[in-house]
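> Turn this into a structure:
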Amino acid sequence: MASANPRPKPQVMKLTDAAADRVREIMAKSEKPVVGLRIGVKNGGCAGMEYTMEWAEDQKPFDEVVEDKGVKVLIDAKAMMFLLGTEMDYQTTTLKSGFVFNNPNQVSACGCGESVQLKPANA
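Next up, the predicted model:
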């Protein structure tokens, strides 16, 4: 017999306060209207995969929508199983600043930190 209250769907990603603040700041300066930030993964780099980020002018039919701390993030459908449980942060150090993905599905990363090896999340 099916449960009357199905288990809620897990949130694919979450953002730290610093990441949400930085996304809002950049969106406010955008010259064209955007609905959110699209995040995905692609094959590339010396470790095998790279994160992708782009401003989304529209929502695609299979995008997973994550709204966290007032920011809308659209997860590319092909990346969902690789990003499940990920926390996106924004860090500033003496030498660089940028978005950082704390991903429990990451197996390894290259020495320069630009690419990662990911495994699909356990459902």
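
> switch to C-alpha atoms for all contacts and neighbour counts from now on
Fine.

> Touching, residue 64 and residue 72? I think so.
No. Using Cα atoms under 8 Å, residue 64 is not in contact with residue 72; the gap is 10.2 Å.

> check contacts around residue 80.
Residues in contact with residue 80 (Cα atoms under 8 Å, 6 or more residues apart in numbering) are 12, 40, 64.

> Is residue 27 in a helix, a strand, or coil?
What DSSP: H, G, I helix; E, B strand; the rest coil gives for residue 27 is helix.

> Once you drop chain neighbours, what's closest to it?
Computed as Cα to Cα, 6 or more residues apart in numbering, the closest residue to residue 27 that is not its neighbour in sequence is residue 34, at 7.3 Å.

> ok, so what distance separates the one you found from residue 23?
From residue 34 across to residue 23, the span is 11 Å (Cα to Cα, to the nearest Å).

> Residue 99 too?
Relative to residue 23, and taking Cα to Cα, residue 99 is found at 10 Å.

> Same question for residue 71.
Distance from residue 71 to residue 23, counting by Cα to Cα: 7 Å.

> neighbours of residue 105, just the number please.
By the criterion of other Cα atoms under 10 Å, residue 105 has 19 neighbours.

> Isn't it up against residue 12?
No. Using Cα under 8 Å, residue 105 is not in contact with residue 12, being 11.9 Å away.
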